[in-house]
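Colleague: I would like the atomic coordinates for the input below:
(2 chains)
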Amino acid sequence: MRVRGMRDVLPGEARRWRDVESAMVDVLDRFAYQEVRLPMLETVELFSRGVGEATDIVEKEMYCLTDRDGQAMALRPEGTAGCARALDENGMLYNQTQRVFYRGPMFRYERPQKGRYRQFHQIGVEAFGLSGPDIDAELIQLGCELWRALGIAGEVRLELNSIGSPAARAAFREALIGWLEPRKASLDPDSRRRLATNPLRILDSKSEETRRALDNGPAFKDYLDDASSEHYAGLKALLAELDIDYVENPRLVRGLDYYTRSVFEWTTDRLGAQGAICAGGRYDGLVELLGGRATPAAGFAIGVERVVLLHDAVHGVSPEVPADVYCCVLQPGLHGAALAAVQRLRRMAPALRFRVHAGGGKLKNQLKRADRSGARWALLFGEAEIREGLAALKDLRGSAEQERLRLADVAARLNGRRAAKE
RNA sequence: GUGGACGUAGCUCAGCCGGUAGAGCUCCGGGUUGUGGUCCCGGCGGUCGUGGGUUCGAACCCCAUCGUCCACCCCA
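Modeller: Below is the predicted model of the structure:
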C-alpha cells in the first residue's frame, strides 16, 4: 500500500521529469551555479531555528523521528536551512561568495492535493555573501531564463515585494495589530487566530471581509527602513533595465521566518490553487541565526512537480517511445548471436536506442510488439542473416522497402536519423 | 485541521425504481510455414475501496472507515 501523499513516477512521466530537470540544470550551469548534494535528514533544531518555531512548516508539518541516540531528527521540509548549514560548516562562507544549487525530495505532512504532496521535489538556488540588489536581479533573471528554456515563460507572472529588515517588520507588526485589534470582529476565524501568532500572514488572506478590514490600514512601505527601501528601489531599477516584467504585490509575505528585504514568487493560473511554481527572496539573517558569521544571502526554490505539471499543460503529453530500433530474433537459438550483433550496432550508432526482443514467440508477435513499442524501425535476425553477417531492416513508419544490409550499413543508414525524426 | 465530490476489470467508464455485474481499450490465442498496423473470432480478467446496518434480496439505501480529487489552510 502506497503511503499517503507519496507518488510513484512512472516511465512516461519520469522521462518528462528528466527532460524538465536537465533543461533547468543546463541553465544553472550556464549561469555558473554549482551543484551540491545535501542530506535529507537534519536535526529538528536546524529547522526550528532557521525556518522559525511559529511557522506552520515547523509547528505541524515536519516528519520528525528520534535517532537511536535520542537526537531529534527531521526529514527536511525545505532546503535553504540545510544548504546554509552545509556551506557554513564546510568553511565555504568565510570571506567568499558562493552560488550553488541542489535538488531532491522535501517532506511536509500536509493534506495532499494536485501539485502538493507529502514528498515533493525542489530545485533550490542560493547565493551567499552578496548583499546588493544585483544578485537579487541575477536570481530573477535566472528564473526567467529557466521558464524560457522550458517554454512556459508566457504562463507565469512574477510578483515582487520587500518585507524589509526584522526591525521594520516588528514596527509594522505592532501597527498592524493596533489597526486590526479594534476590527477583530470582521476578520475570518483563521485571521483572528493569527492576530496573536503571526499577524503578517493576515495580509494574504483570501477572505473578502478580511481584505476589506485591511483597506486603509497601515501599509508596509511606510515602515520600510531606508536601507531596505533603497535596496528595493535598486532591484526594481535593475529589473527595468533587464526588461523583466513584474507585479508589485504589497501583500506578498513568506511563510518562512528567515526572509528579509526582497521576496518574490512566480505564479501561474493554470494549476488551480497550487499556483506558485517558484518562490524565494533574500535571507540575510539565516546564517547568523544558525550560529555562523553574519552573511547576506538570497535564493529561491522551484517546485518540480508543479513545473512538470505546467510544462505538460502547455506542451501536452505524448506517450514515451522507449526505443528507436526493435530487434526481432526469429529462432530461439539465435538469441546470443543477435545480442552480440546489436551490441556492435550500439557502439556504431551511439545516439540510437536498441531494444532486443526477449521471451521468444513468433515473428508475427514480435513485430506486433515492435509496432506497439512505437519504435521507428524493426531489425530482423534470422538464420540466413546471422550466417551472412546481415540484418533485415524494416521501416515501420514509412513506405520504404525492407532491406538486408551488413551491420555497418545498418548503422550508417540509421545514424543521425533519430534527430531528423524529431 | 475544515468543507464538498467521487471510489465498479490493468485503464476509461456504463449499470434505470434495490433482484448477487457489462462495454471499449489493453493483454493472450486463432484467422497455416520468416513480416506489424486495419478487420474478424475466441479467451484471461471484478470478494463493485473496506467494515457494519436496513432488506427475503444491496454495486445501488443508511452509518463508519480508508483512499483519490477539488476548495479552504499552508506553501514550492
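Colleague: bridging residues for the closest residue to A:W377 other than its chain neighbours?
Modeller: Leaving aside its sequence neighbours, A:W377 sits nearest to A:V325 (Cβ to Cβ, 6 or more residues apart in numbering; 4.8 Å). Any C-beta I mention is one placed from the backbone N, CA and C, and that applies to glycine too. Assessed by DSSP bridges, A:V325 has beta-bridge partners A:F354, A:W377.
Colleague: What pLDDT is listed against A:V325?
Modeller: Predicted confidence (pLDDT) for A:V325: 95.
Colleague: now do A:K421
Modeller: 42.
Colleague: ok so, going back, hmm, the residue nearest to A:W377 is touching A:L414, no?
Modeller: Yes. The criterion here is Cβ atoms under 8 Å, and A:V325 meets it with A:L414 at 6.8 Å.
Colleague: Residues that sit against both of the two, list them.
Modeller: Here A:V325 and A:L414 share the contacting residues A:L352, A:W377, scored by Cβ atoms under 8 Å, 6 or more residues apart in numbering.
Colleague: In terms of neighbours, single out the busier of the two.
Modeller: A:V325 (26 against 22; other Cβ atoms under 10 Å).
Colleague: re the thing from before, measure the residue nearest to A:W377 to RNA strand B for me?
Modeller: Separation of A:V325 from RNA strand B (Cβ to the nearest atom of the strand, to the nearest Å): 13 Å.
Colleague: and if you look at A:R49?
Modeller: According to Cβ to the nearest atom of the strand, A:R49 stands 16 Å off from RNA strand B.
Colleague: How about A:A84?
Modeller: Where RNA strand B is concerned, A:A84 sits at a distance of 14 Å (Cβ to the nearest atom of the strand).
Colleague: hang on, that residue packs against A:F47?
Modeller: No. Judged on Cβ under 8 Å, A:A84 makes no contact with A:F47 at a distance of 11.5 Å.
Colleague: what about the two, which has more around it?
Modeller: Taking neighbours as other Cβ under 10 Å, A:A84 and A:F47 compare with A:A84 leading, 26 against 23.
Colleague: Can you pull the phi/psi pair for the more buried one?
Modeller: phi -60, psi -40 (degrees, to the nearest 10).
Colleague: List the contacts of it.
Modeller: With Cβ under 8 Å, 6+ apart, A:A84 has these contacts: A:G50, A:E126, A:F128, A:L286, A:V287, A:L290, A:G292, A:A297.
Colleague: Neighbour-wise, which one of those leads?
Modeller: When neighbours are taken as other Cβ under 10 Å, the top entry among the contacts of A:A84 is A:L286 (30 neighbours).
Colleague: so who does that residue touch?
Modeller: A:G50, A:T80, A:A81, A:A84, A:Y258, A:A297.
Colleague: Please apply the same query to A:P11.
Modeller: A:P11 touches A:E320, A:P322, counting by Cβ under 8 Å, 6+ apart.
Colleague: Repeat that for A:F120.
Modeller: A:F120 touches A:P105, A:M106, A:F107, A:R108, A:G303, A:V304, A:E305, counting by Cβ under 8 Å, 6+ apart.
Colleague: which of these has the most neighbours?
Modeller: A:G303 leads the contacts of A:F120 on contacts (other Cβ under 10 Å) with 24 neighbours.
Colleague: Quick check: it touching A:G275?
Modeller: No. Using Cβ under 8 Å, A:G303 makes no contact with A:G275, being 10.3 Å away.
Colleague: so the residue of chain A found nearest RNA strand B is in which element?
Modeller: At 1.3 Å from RNA strand B, A:G255 is the closest residue in chain A, using Cβ to the nearest atom of the strand. Using DSSP states H and E, A:G255 is not contained in any helix or strand.
Colleague: Where does the prediction get shaky in chain A?
Modeller: A:416-422 (pLDDT under 70).
Colleague: Chain neighbours aside, what residue packs nearest to the residue nearest in space to the middle of chain A?
Modeller: Among the residues of chain A, the one closest to the centroid is A:V304, at 2.9 Å (Cα atoms, centre = their mean). Residue nearest to A:V304 in three dimensions, not counting chain neighbours: A:H121, with 4.0 Å by Cβ to Cβ, 6+ apart.
Colleague: I'd guessed that neighbour sits against A:P105; true?
Modeller: Yes. Under the criterion of Cβ under 8 Å, A:H121 makes contact with A:P105 at 5.4 Å.
Colleague: Now for the spatially closest residue to A:L41 that is not a sequence neighbour: which residues touch it?
Modeller: Among residues not flanking A:L41 along the chain, A:M73 sits closest, at 5.5 Å (Cβ to Cβ, 6+ apart). Contacts for A:M73 (Cβ under 8 Å, 6+ apart) come out as A:L41, A:E42, A:T43, A:V44, A:C64, A:L65, A:T66, A:D67.
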